[in-house]
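Asks: Take this sequence and fold it.
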Amino acid sequence: MYLTTIKAGPLCALMLVVLFAASANSRHYTNDKEATVKDGPAIEDDYINLVVKEDQSKVDVYFGGELFTSYLYSGSYKKPVLYPLNTVNGTPVTRGYPLAPRVGEQEDHPHQFGLWLNYGDVNGLDFWNNSDARPAENRSQYGTIYHKAIDHIHSGDDQGELSVTMEWQGPDGEVLLEENTTFIFRETEHTRSVDRKTTLHAVNQEVSLKDNKEGMIGIRMARELEHPDQNGDATGMYKSSEGLSGNDVWGTRAKWMNLSGRINDENVSVAILDHPDNVGYPTYWHARGYGLFAANPLGMKEMSGGKEELNYGLQTGESITFNYRIIIYSGEKVLDEQLEEDWIEFVR
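Replies: Residues are numbered from 1 along each chain as shown. Below is the predicted model of the structure:
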């Protein structure tokens with residue numbers, strides 16, 4: 001806001017107070033540096049730079065001026081996501097469909113894109129499978145996660161941080177859970193990573209998180225990282241911290257899971273690391289050869305074939321926290337020993 005002419009007088013003074021108050025109230029988050037632009041690349045001195053683009057409902061995350069990912073929070077997506085996720089060479093490891101389809105991709109499960117966190121049974125509502133593809137007459141069965149506020153944003157040379165508030169709402173607008181999530185973004189010579197720490201609060205009522213297969217932190221992978229039995233020219237292969245691989249990892253517990261393969265001429269691995277403080281540790285894995293890569297700590301009955309059962313619940317005012325690290329490796333094939341070292345660093 002620029003004022004070129006200011007005349008003295010009580011009315012002018014009152015107007016200035018109102019204008020500056022309005023300006024202050026419009027900035028509802030803490031920000032170390034000015035980072036709100038309408039379009040175009042970020043221009044900052046920091047290597048890791050977060051740029052809020054409110055008119056596009058997103059926050060872009062740049063490493064050295066190159067896009068790593070964006071936090072997308074348009075209500076039409078039914079939940080905020082990080083999309084895409086790019087390697088240090090700029091290669092997307094996430095599927096393009098449905099936002100930006102690429103040739104040869106499977107066009108299934110339109111609710112699976114980017115990196116997200118939600119669940120398939122929250123007081124009987126399905127937050128996992130919701131999308132605009134659902135018939136209007138069935139919308140009463142689904143919940144939506146709405147972005148409410150950016151609470152803190154930080155750009156820096158070593159890491160970037162983004163803290164946000166969301167609400168898990170039923171189809172009638174009732175808030176079942178308030179979510180507070182912090183993302184931490186980092187890069188090394190061969191890796192890029194995201195820490196996601198999410199706390200869910202039962203704000204208005206008891207909340208049931210009944211055992212369900214559809215959960216909880218998930219990524220939909222690029223077609224090149226699907227299993228060869230799903231896609232003949234794909235190269236993806238899962239490997240768990242417990243030594244299982246391929247399709248055998250589904251419905252098993254592990255403290256980390258790695259999906260490795262090649263995209264064009266680039267060796268790529270994507271790992272999700274579980275934290276010992278998370279409920280259900282070590283988590284069960286909802287990892288499918290068709291490209292769904294998810295950790296599900298709450299769906300014990302479904303994932304164990306009935307051998308275990310959790311049916312987690314929150315009383316009014318109670319909270320639960322989930323903490324995960326996602327690492328995207330590029331270059332030489334990643335050995336189990338390296339993944340173990342990175343997991344130890346994460347939980348230290």
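Asks: how would you label Asp55: helix, strand or coil?
Replies: helix (DSSP: H, G, I helix; E, B strand; the rest coil).
Asks: Please enumerate the strands of the stretch 51-200 of the chain.
Replies: If DSSP state E, counting those that start in this stretch is used as the criterion, the strands of the stretch 51-200 of the chain fall at 58-63, 66-72, 81-82, 115-119, 144-154, 160-169, 175-187, 191-201.
Asks: Which strands or helices does the third one pack on?
Replies: When contacts are defined as 3 or more Cβ pairs under 8 Å, 6 or more residues apart in numbering; DSSP states H and E, strand 81-82 packs onto strand 66-72, strand 115-119. All C-beta spots, glycine's among them, are computed from the backbone N, C-alpha and C.
Asks: distance between the longest one and the chain's centre?
Replies: The gap between where strand 66-72 is centred and where its chain is centred comes out at 11 Å by Cα atoms, centre = their mean, to the nearest Å.
Asks: List the buried residues of that strand.
Replies: Leu67, Phe68, Thr69, Ser70, Tyr71, Leu72 (16 or more other Cβ atoms under 10 Å).
Asks: Adjacent strands (with direction) for that strand?
Replies: Sheet pairing for strand 66-72, assigned by DSSP bridges, gives strand 58-63 (antiparallel), strand 81-82 (antiparallel).
Asks: can you count the residues close to the closest residue to Ile328 other than its chain neighbours?
Replies: Closest residue in space to Ile328, ignoring its immediate chain neighbours: Arg192 at 4.9 Å, by Cβ to Cβ, 6 or more residues apart in numbering. Each residue near Arg192 was counted by other Cβ atoms under 10 Å, and the total is 22.
Asks: what's the answer for the one 4 residues further on, then?
Replies: The local packing count at Arg196 equals 19, with neighbours defined by other Cβ under 10 Å.
Asks: can you pull out the helices in the stretch 1-150 of the chain?
Replies: 10-26 (DSSP state H, counting those that start in this stretch).
Asks: show me where pLDDT drops low in it?
Replies: 1-44 (pLDDT under 70).
Asks: returning to that earlier point: how about the helices and strands packed on strand 81-82 in CSV, adding distance to Gly143?
Replies: As requested, the helices and strands packed on strand 81-82 are exported to CSV (distance: least, Cβ to Cβ, whole Å):
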stretch, distance to Gly143
strand 66-72, 18
strand 115-119, 8
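Asks: between those, which one is nearest to Val175?
Replies: strand 115-119 (14.8 Å; Cβ to Cβ).
Asks: Check which helices and strands the closest one is in contact with.
Replies: strand 81-82, strand 191-201, strand 215-220.
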